[in-house]
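1. Okay, structure incoming, though there's no sequence with it:
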Ligand code: OOG
Ligand code: MG
């Protein structure tokens, strides 16, 4: 089976919202490099159909997330224009078994590239930081995968929403920002920015390093999701999800069929 054929298969299951058996159970010897090559081919299918690349996302950057999915390594994925929610409402149609997680997003005014990037470089290139929620939706049955499977599936990316208020990168100590996620008023998850590699800025550093290995970069105007601060929670029709970022604001996401 060619990498292109595997990408086509994952694409078909994404578009049809049908769960898939793990590719690692069906194809022997796939490496992490193969998985990113499949991800690249998958994204090309969306771009060819008129979608646009608007940024990147880091995944599995916190211990809570790594333990919940049994993969102990940070990964990245592509963010497409079609993934951004313009209002805090999530329709479940077109999704398989979505989960929601709180994240800090960075938006950039300057290009960032190179293996030797530092946190200082990231601050200088950052236009603003924004509270965000990511909707992940693994295409694999039971949300169960290995490192290779999840990378090939564009790191489970489905949708994301950015809070309408952006902040100066210097306004908050992002590692100390507390997050409380509730469903219909009941607390589901709590955490702090430090869960993300010690500080969300370090996730951007890692993102730039990983991109530099494939000759890619964070371009001006791009957004980067730095990774779930807590475990992700399953959502269902009628759920009212609230994610409060201490001092930064509260996102209310309504879930409907
Ligand atoms: C993989 C995607 C992880 C994050 O923020 O950690 C991710 C998954 O958990 O399905 O987006
Ligand atoms: Mg995420």
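-> It's in. The structure displayed is predicted, hence computed values, not measured ones. Ligands and ions are numbered 1, 2, ... in the order given.

2. wait, isn't residue 251 in contact with residue 133?
-> Yes: shown here, residue 251 and residue 133 form a contact pair, counting by CB atoms under 8 Å, at 5.5 Å. Yep, even glycine has a C-beta here, placed from its N, CA and C like the rest.

3. quick one, which of the two is more surrounded?
-> In this view residue 251 and residue 133 are compared by other CB atoms under 10 Å, and residue 133 has more residues nearby, 26 against 21.

4. ok, that one - contacts?
-> With contacts defined as CB atoms under 8 Å, 6 or more residues apart in numbering, residue 133 is in contact with 100-103, 160-161, 241, 243, 251, 253.

5. Most neighbours of all the residues you listed, which one?
-> residue 103 (30 neighbours).

6. So that residue: helix, strand or coil?
-> strand (DSSP: H, G, I helix; E, B strand; the rest coil).

7. same check, this time on residue 198
-> Under the three-state scheme (three-state DSSP), residue 198 adopts coil.

8. What residues are bridge-paired with the nearest residue to residue 167 once chain neighbours are set aside?
-> Leaving aside its sequence neighbours, residue 167 sits nearest to residue 129 (CB to CB, 6 or more residues apart in numbering; 5.4 Å). Residue 129 has these beta-bridge partners by DSSP bridges: residue 106, residue 167.

9. Based on its surroundings, how many neighbours for residue 129?
-> Residues near residue 129, counting by other CB under 10 Å: 24.

10. Might one say that it is in contact with residue 165?
-> No: counting by CB under 8 Å, residue 129 stays clear of residue 165, with 10.6 Å between them.

11. May I ask which helix or strand encompasses residue 214?
-> Counting by DSSP states H and E, there is no helix or strand that carries residue 214.

12. mind listing what it touches?
-> Neighbour list for residue 214: residue 36 [criterion: CB under 8 Å, 6+ apart].

13. Give the burial count for the residue lying closest to residue 112 once chain neighbours are set aside, as a bare number.
-> Excluding the flanking residues, the one nearest residue 112 by CB to CB, 6+ apart is residue 218, at 4.2 Å. By other CB under 10 Å, 24 other residues sit near residue 218.

14. so how far is the lowest-mean-pLDDT helix or strand in the chain off the chain centroid?
-> Confidence across the helices and strands of the chain bottoms out at helix 63-69, with a mean of 89, counting by mean pLDDT, DSSP states H and E. Relative to its chain's centre, helix 63-69 lies at 14 Å (CA atoms, centre = their mean, to the nearest Å).
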